[in-house]
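A.B. asks: show me the folded form of this:
(3 chains)
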Amino acid sequence: MHRFANPAEFNRLADAILPWAKVVMAAAFLYGLYLALYASPADYQQGESVRIMYIHVPAAWMAMFTYMVVAVASFTALVWRHPLALLAGKAAAPIGLVFTGLALLTGMLWGKPMWGTYWVWDGRLTSVLVLFFLYLGYMALWRALDEEDKAGRAASILALVGVVNIPIIKFSVDWWNTLHQPASVMRMDGPSMPVEMLWPLLTLAVAYKAYFVVVLLYRMKLEINLRKLSVLSSLEVQG
Amino acid sequence: MAGLKTRKKQRLVVASIAVAAIAGAVLLVLFAMGGDSLSLFLQPSAVHAKEIEAGKRFRLGGLVAPGTFSKAEDGLTYHFTITDCAADIPVTFKGLLPDLFREGQGVVTEGRLNGTGTFVADTVLAKHDENYAPPGTMPKNAEACTHPEGLNSGYNTSPGSRG
Amino acid sequence: MAEFLDMGGYAAFVWTAYGLTALALVVLAVSSLRAGKKARDRVEQLRPRRRKGQA
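C.D. replies: The predicted model follows:
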């Protein structure tokens, strides 16, 4: 495991993955957008506005998935003092923040014409807003403390405390009466959606996941270099 | 080296227990607070069970019972019945209905009960279910409502029935 | 084409949602890339002697 703690080893691995991830990302975005905007039918109830679903749902999935990445990275960093895991969490958080923001914004733009309101304080919308603030808090803690080790530890602890919000988001629509509808894809009895609508959704989900890999690797390389810079500059001050 | 290993093991145990304890505590608090207070709306059966008095503001949600929707002569006031397949509450609303408002579909309304048991709503939001389908077809999971008066015959079968 | 752009009357919502998504994803990717390049350049600047050996 600590083999990947070696930055040179990590950079080599990242450079090997990046070209493939970029190809998958580009192909999935092109095909997914073609399906989502053009080659899929309107909905029998929602008409053309259903096309917002194809970018809203993957953004919400990625918002939760990225949080789990941050949480697992934080756990690894706290327990095994794994330096690269700490940086992985730090690198992933802004991506999660953007996905959460997009899930909220596209949801509002879908809710206005369909529900009749941009926002309502139901269990699902509120818990996703809490997720947004958890990302903000995690990123703020990294900046709040000058000593990087302490900042990283504080942020990691917050990330772990916030994990409880993930099952709350997922099951909010089952536990409580909400305006938001229950799950259509991730359900026990299979998706409640025809294949011609499932395909654009899943294709864009793949595109989002590939985008996540690309940006995460870039941001981890960035964080490794920033860490090197702080070491180098402290050496310069001393020497 | 052995000391390092036990310390790591200790941290693993402490961190795991801490995460589980915090998560458990939060979830317990949520459920102790009661499902209803965290729910956005009450369904007709719950309104009857709780005997909510007239004039108290709350949200009422459920299905728009098929065949109950009508527009008053002023063209702005609507009448319909909200059902949860076990109990019904008549609703009046003056204002704009959302695009998704249809008989047989879910709604969440906000307002007050008047003296005669009618819910006077000032907000109507449409709630869509988890089913998607191309126009002119039926979603495969369209649930049948088990209403004593045979509501299942109307549920989800009247996409164009909006007045 | 006009019909496609109109999105059944939901143009304002559909295109705003897609536009915001594209904007946010591009801004995050580009800013990550730029910050990464800047950091890499500074690392190379700070240790010019080792650069030759590594390349």
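
A.B. asks: what about residue 7, neighbour count?
C.D. replies: Unless you meant another one, I'm taking chain A. By other CB atoms under 10 Å in any protein chain shown, the residues close to residue A:7 number 19. The way it works is simple: take the backbone N, C-alpha and C, and place the C-beta from them, glycine included.

A.B. asks: wait, chain C
C.D. replies: Using other CB under 10 Å: residue C:7 sits among 20 other residues.

A.B. asks: contact partners for it?
C.D. replies: A:48-49, A:51, C:13-15 (CB atoms under 8 Å, 6 or more residues apart in numbering or on different chains).

A.B. asks: where in chain C is pLDDT low?
C.D. replies: C:48-55 (pLDDT under 70).

A.B. asks: which one of the contacts of residue C:7 is nearest to chain B?
C.D. replies: residue A:49 (7.9 Å; CB to the nearest CB).

A.B. asks: quick one: the closest residue to the closest one other than its chain neighbours from residue B:73, how far?
C.D. replies: The shortest distance from residue A:49 to any non-neighbouring residue, by CB to CB, 6 or more residues apart in numbering or on different chains, is to residue C:10 (4.2 Å). In this structure, residue C:10 and residue B:73 are 31 Å apart, going by CB to CB, to the nearest Å.

A.B. asks: ok, these two, which is more surrounded?
C.D. replies: Per other CB under 10 Å, whichever of residue C:10 and residue B:73 has more neighbours is residue C:10, with 25 against 6.

A.B. asks: quick one: the helices in chain C?
C.D. replies: Assigned by DSSP state H, chain C shows helices spanning C:2-6, C:11-46, C:48-54.

A.B. asks: right, is the longest one up against chain A?
C.D. replies: Yes - using CB under 8 Å from any CB of the partner chain as the criterion, contacts between helix C:11-46 and chain A involve C:13-14, C:16-18, C:20-21, C:24-25, C:28-29, C:32-33, C:35-36, C:39-40, C:42-43, C:46.

A.B. asks: is chain B within reach of that helix?
C.D. replies: No - if you take CB under 8 Å from any CB as the test, helix C:11-46 misses chain B, and the best it gets is 10.6 Å.

A.B. asks: with the shortest one instead?
C.D. replies: No - judged by CB under 8 Å from any CB, helix C:2-6 stays clear of chain B, getting no closer than 14.8 Å.

A.B. asks: and residue A:197, what element?
C.D. replies: helix A:195-238 (DSSP states H and E).

A.B. asks: what packs against that helix?
C.D. replies: helix A:7-34, helix A:53-80, helix A:83-114, helix C:11-46 (3 or more CB pairs under 8 Å, 6 or more residues apart in numbering or on different chains; DSSP states H and E).

A.B. asks: ok, back up a step: could I get the helices of chain C as a markdown table with mean neighbour count?
C.D. replies: Below are the helices of chain C laid out as a markdown table (neighbours: other CB atoms under 10 Å in any protein chain shown):
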| stretch | mean neighbour count |
| --- | --- |
| helix C:2-6 | 9 |
| helix C:11-46 | 16 |
| helix C:48-54 | 8 |
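
A.B. asks: may I have stretch B:111-128 as PDB, with CA atoms only?
C.D. replies: The C-alpha trace of stretch B:111-128 is given here as PDB (Å, rounded to 0.1, in the frame of the first residue of the first chain):
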ATOM      1  CA  GLY B 111     -52.800  25.800   3.600                       C
ATOM      2  CA  ARG B 112     -55.500  25.400   6.300                       C
ATOM      3  CA  LEU B 113     -58.600  23.300   7.000                       C
ATOM      4  CA  ASN B 114     -61.700  25.400   7.100                       C
ATOM      5  CA  GLY B 115     -64.700  24.700   9.400                       C
ATOM      6  CA  THR B 116     -66.300  22.200   7.000                       C
ATOM      7  CA  GLY B 117     -63.300  20.000   6.500                       C
ATOM      8  CA  THR B 118     -62.100  21.400   3.200                       C
ATOM      9  CA  PHE B 119     -58.500  22.200   2.900                       C
ATOM     10  CA  VAL B 120     -58.000  25.800   1.500                       C
ATOM     11  CA  ALA B 121     -54.600  25.700  -0.200                       C
ATOM     12  CA  ASP B 122     -52.500  28.800  -1.200                       C
ATOM     13  CA  THR B 123     -49.700  26.700  -2.700                       C
ATOM     14  CA  VAL B 124     -49.900  23.600  -4.900                       C
ATOM     15  CA  LEU B 125     -46.700  21.700  -5.900                       C
ATOM     16  CA  ALA B 126     -46.800  18.700  -8.200                       C
ATOM     17  CA  LYS B 127     -44.900  15.700  -7.000                       C
ATOM     18  CA  HIS B 128     -43.800  13.300  -9.700                       C
END
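
A.B. asks: buried ones in it?
C.D. replies: For stretch B:111-128, burial by neighbour count (16 or more other CB atoms under 10 Å in any protein chain shown) applies to B:111-113, B:118-119, B:121, B:124-128.

A.B. asks: go on, stretch B:57-68?
C.D. replies: B:58-68.

A.B. asks: from the buried residues of stretch B:111-128, list the ones also adjacent to chain A.
C.D. replies: B:124-128.
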